[in-house]
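Novice: Here's a sequence, model it:
(chains A, B, C and D)
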Protein chains: 2
Amino acid sequence: MKVPSVEVEQRIERFKEAAKAAGLKLTHQRLEIFREVASSLDHPGAEAIFRAVQSRMPTVSLDTVYRTLWMLNDLGLLTTLGQRREAVRFDANLAHHHHYVCVRCGLARDFESTELDAIRVPGAVKKLGRVLTTHVEVRGVCEKCAAEQARKSPAAKKTAAVKGRGA
Amino acid sequence: MKVPSVEVEQRIERFKEAAKAAGLKLTHQRLEIFREVASSLDHPGAEAIFRAVQSRMPTVSLDTVYRTLWMLNDLGLLTTLGQRREAVRFDANLAHHHHYVCVRCGLARDFESTELDAIRVPGAVKKLGRVLTTHVEVRGVCEKCAAEQARKSPAAKKTAAVKGRGA
DNA sequence: CTGACTGCAAACCCTTTGCAGACCG
DNA sequence: CGGTCTGCAAAGGGTTTGCAGTCAG
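Specialist: Below you'll find the model as predicted:
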């Protein structure tokens, strides 16, 4: 199953504009890599994207895939699933709960809410398979990071600077 | 900030029982490692747990921390945050959407729901920091995996066998 | 043409594993 | 005491980086 090609073309168009606006070169590789992610419904990892692109363009290298993917992420044309590429984190709270995660430093906190526990998923989801748990993930910027940011740069420059590690 | 010690002691009690039931030895290391995770409100990674335990017990090694953590996970005494310890995965769908993830093979699918988009987080969460996005993650077992499982083992044995990789 | 981009290979980080000695039960 | 568990060190998988040649604009 694939994203409808009309939608894919729109996404590619958006990419071209964003690239031009950012002064980035539209290389054959970048186009193919973006096309691959943009037309996937499952959310492929770098390796899978690499293999798919490679079948059409045997010279690409895995590192270009990575570089391009993060570039697209910085351009805001795609996002990553889950907590960035961090190490596993453990949770000894067995009660049904939800998470607040700071996108800047990775701070994670539990919260409980009977209202959110009661969420009912749309019927379409049930067609995908059995449902075990439903969990809400709230992302935001924690107090501490907000304070730090305010101190460091009263007028933020570029949002693209969130590349380094977490805390 | 820490988990109240009454709660921590209860968790440890549960661990001791589970260990006994499973015939696992209650070593000093295991106890300290579990105590550390069980009393953390943030969700530490292996490295952080290691450092904390090390300060009280200078001889522990990082690999014991890992081994113990996964053992606790298998016992059902803790869970991991996010998509297991897999590689990063990318998502070119910019519309507000939610995810269904198969815990067995890692399959991920988007779904949309104006109802879920409208979720309001409890006031307590707002004290933690600014909220950027709210995203529902539904975990389950996809059709394909359910079918495979049914074929392989009509009468499932132990749930603890989900250790290997994804698809 | 020229600087940005690519491919290569080596480096890096996190996690896992094999082995011999240590310790729980 | 015996088998499990630990610590060590080295391997492993995914991701990143420095460099010299290549290509888009």
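Novice: Output the contacting helices and strands for the longest strand anywhere in chain A.
Specialist: Ranked by number of residues, the top strand in chain A under DSSP state E is strand A:129-142. On a contact count with 3 or more Cβ pairs under 8 Å, 6 or more residues apart in numbering or on different chains; DSSP states H and E, strand A:129-142 meets strand A:98-102, strand B:129-142, helix B:143-152. Bear in mind the C-beta positions are built from the backbone N, C-alpha and C, glycine included.
Novice: Turn those into a markdown table, including distance to DNA strand C, mean pLDDT and mean neighbour count.
Specialist: As requested, those are exported to a markdown table (distance: least, Cβ to the nearest atom of the strand, whole Å; pLDDT from 0 to 100; neighbours: other Cβ atoms under 10 Å in any protein chain shown):
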| stretch | distance to DNA strand C | mean pLDDT | mean neighbour count |
| --- | --- | --- | --- |
| strand A:98-102 | 16 | 94 | 24 |
| strand B:129-142 | 19 | 94 | 19 |
| helix B:143-152 | 20 | 85 | 13 |
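Novice: returning to what we had before: quick one, the longest strand of chain A and strand B:98-102 angle?
Specialist: Interaxial angle, strand A:129-142 versus strand B:98-102 (axes from the mean of the first three to the mean of the last three Cα atoms, to 10 degrees): 130 degrees.
Novice: Strand A:129-142 pairs with which strands?
Specialist: Paired strands of strand A:129-142, with direction, are strand A:98-102 (parallel), strand B:129-142 (antiparallel) (DSSP bridges).
Novice: and chain A, which residues reach DNA strand D?
Specialist: Residues of chain A lying close to DNA strand D by Cβ under 7 Å from any atom of the strand are A:25-28, A:45-47, A:62-63, A:66-67, A:70, A:85.
Novice: Kindly reformat the residues you listed as a markdown table containing neighbour count, distance to DNA strand C and pLDDT.
Specialist: Compiled in a markdown table, the residues of chain A next to DNA strand D are given as follows (neighbours: other Cβ atoms under 10 Å in any protein chain shown; distance: Cβ to the nearest atom of the strand, whole Å; pLDDT from 0 to 100):
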| residue | neighbour count | distance to DNA strand C | pLDDT |
| --- | --- | --- | --- |
| A:K25 | 7 | 4 | 98 |
| A:L26 | 12 | 8 | 98 |
| A:T27 | 12 | 4 | 98 |
| A:H28 | 10 | 8 | 98 |
| A:G45 | 18 | 15 | 95 |
| A:A46 | 21 | 12 | 96 |
| A:E47 | 12 | 13 | 96 |
| A:L62 | 14 | 7 | 98 |
| A:D63 | 10 | 4 | 97 |
| A:Y66 | 16 | 9 | 97 |
| A:R67 | 14 | 5 | 98 |
| A:W70 | 17 | 11 | 96 |
| A:R85 | 14 | 9 | 67 |
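Novice: Thank you, goodbye.
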